[in-house]
Each structure stands twice: as C-alpha cells, then as structure tokens.
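Q: quick one: sequence and predicted model below, then my questions.
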Amino acid sequence: MRGLELMRLWAALGWVLVGVAVWLSLGPTSAVESAWVLVPFPYHDKFGHYLAYTAMMLWFAGLFRRDLHLLVAQYLFLLGLLLELTQGALGHRQADFGDLVANTAGIASGLLLARAGLEHWCLWVERALGMRRGRA
C-alpha cells in the first residue's frame, strides 16, 4: 500500500464501492432496473458493469503500488465471476456471461488508465487538500 495520509478513508470508500457492486448484483432487480430507466440505449446494464469495474480498478490502483495492480485486477475479476455464479444460484436473478465480459473490459480499462498515470489520483487529492507538500 502507498503511504497515504488518508489511507483509511480511501480504503473504506473503496470497500463501499465493492459493497455497492455486490448489492446491485445480488439485490432486488427492481432497484437496479429503476437506476437505469433513464439510460436510452440498448445494453445499458453492460455499460453499468463496465463503469463500475473501471471505477473499482482505478480506485484500488490508487491505493496499491504498481506491482500489485495485476493482483487487484485478478481479485476484481474473481469478484465479478463469483457474483455472476451467485446470481445463477439465486431465484430472482440470473447469471449473464455478457456481464462478466463487461466487468473484465472495465477492469482492463481501469488498469490501462492507472498505467497511463491516473494511479496517482489519491496523491493528487491529498496534495490539493494541502496534506502532502512536495512529498510523492
């Protein structure tokens, strides 16, 4: 992990992101469907999966050293896989291979964005808040 001043806050918010993804994946379908009712294009749910996993990958890439980013990506892939398998076992949800593809594309995008330099987002925020004067 990086030496961040607000590491506990960043980590807690990251786990909130994971919790929201789990709830949206396993919770009642009516809540999820109502969240996407205003999106006027087909496969909007796949876009949601893509954005969620991009956000989670980029978020956690900001908390961990670069050499751990692939491990984070693997854990996020496993999370998506387990959620899809769990959906298949539930009576009110169904597994969708397309969701897993969208999750994986999101993870890859988040990883590419991190490698392009956005992995330092949390350092930039801490500097903007005046917490990190000249420290990397």
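A: Arrived safely.

Q: for the most centrally placed residue in the chain, give its distance to residue 128.
A: In the chain, the centroid-proximal residue (Cα atoms, centre = their mean) is residue 56; its distance is 1.8 Å. Distance, residue 56 to residue 128, using Cβ to Cβ, to the nearest Å: 22 Å. C-beta coordinates here come from the backbone N, C-alpha and C atoms, glycine included.

Q: thought the residue nearest to the centre of the chain was touching residue 109?
A: No. The criterion here is Cβ atoms under 8 Å, and residue 56 misses it with residue 109 at 11.2 Å.

Q: what helix or strand is residue 79 on?
A: Per DSSP states H and E: residue 79 is located in helix 69-89.

Q: for the residue nearest to the centre of the chain, which non-adjacent residue is spatially closest?
A: If the residues on either side of it in the chain are set aside, residue 56 comes closest to residue 17, at 5.3 Å by Cβ to Cβ, 6 or more residues apart in numbering.

Q: tell me which helix or strand that neighbour sits in.
A: Here residue 17, judged by DSSP H and E, is contained in helix 7-26.

Q: next one: that helix to chain centre, how far?
A: Put simply, helix 7-26 sits 8 Å off its chain's centre (Cα atoms, centre = their mean, to the nearest Å).

Q: mind giving me the packing neighbours of it?
A: Applying 3 or more Cβ pairs under 8 Å, 6 or more residues apart in numbering; DSSP states H and E, we find helix 7-26 packed against helix 29-35, helix 44-63, helix 69-89.
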